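Visitor: Predicted model, plus sequence, below.
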Amino acid sequence: MQTWRPPQKIHVKVLGLAWHDDRLLAAEVTRDDGTVKGVRPPGGAIEFGETREEALAREFQQEFGCGIAIEGPWTTFENLFWHEGAQGHEFIFAANIRLLDESLYQRTEIALVEHDRSVWTARWFMPHALPDGVELYPSGLSAYLVRAARR
């Protein structure tokens, strides 16, 4: 079981929106007791001196061992949230991507290993048909996906 708390500073992150038909690749976000409270597309922090494109490519290489192709424009979210009693604050750049390792599209579950050696589980989820009590993070992503689908 992993305990994580948001750092008490503003973070700038990138997320990759990888799609397989109508399913979005997302990692489970768990409570301290291990129950799933939400799902979030993979990505991570932008490091000093790194562009958002470089950061997203690096994160997917580190976590999935594969390259990506960014497909389409970026969107930005300001994410103010609470996790297990601690407040977090992020600015997030997100873009649709294509995974260059085609075999990942055939896997139902993918284990991700973070830089701190914590392990997360990613799966393909239908964003608008998540199990009861499971939310899509960051806040605002669900509404963005609805708007994008109407275009």
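Guide: Now that the structure is in, tell me what you want to look at.
Visitor: What residues of stretch 46-53 count as buried?
Guide: Within stretch 46-53, the residues that count as buried by 16 or more other C-beta atoms under 10 Å are 46, 52. (Glycine included, C-beta is placed from N, CA and C.)
Visitor: Now it: average pLDDT?
Guide: Here stretch 46-53 scores 97 as its mean pLDDT.
Visitor: quick check: longest strand of the protein.
Guide: Scanning the chain for the longest strand, with DSSP state E as the assignment, gives strand 68-83.
Visitor: Give the buried residues for it.
Guide: Going by 16+ other C-beta under 10 Å, strand 68-83 has these buried residues: 68, 70, 75, 77, 79, 83.
Visitor: of all the residues you listed, which comes closest to Glu28?
Guide: The shortest gap between Glu28 and any of these belongs to His83, at 13.3 Å (C-beta to C-beta).
Visitor: doesn't Pro7 make contact with that closest one?
Guide: No. Contact criterion C-beta atoms under 8 Å: His83 and Pro7 do not qualify, at 11.1 Å.
Visitor: ok, the buried residues of strand 68-83 vs Asp32, which is closest?
Guide: Using C-beta to C-beta, these come closest to Asp32 at His83, 9.5 Å.
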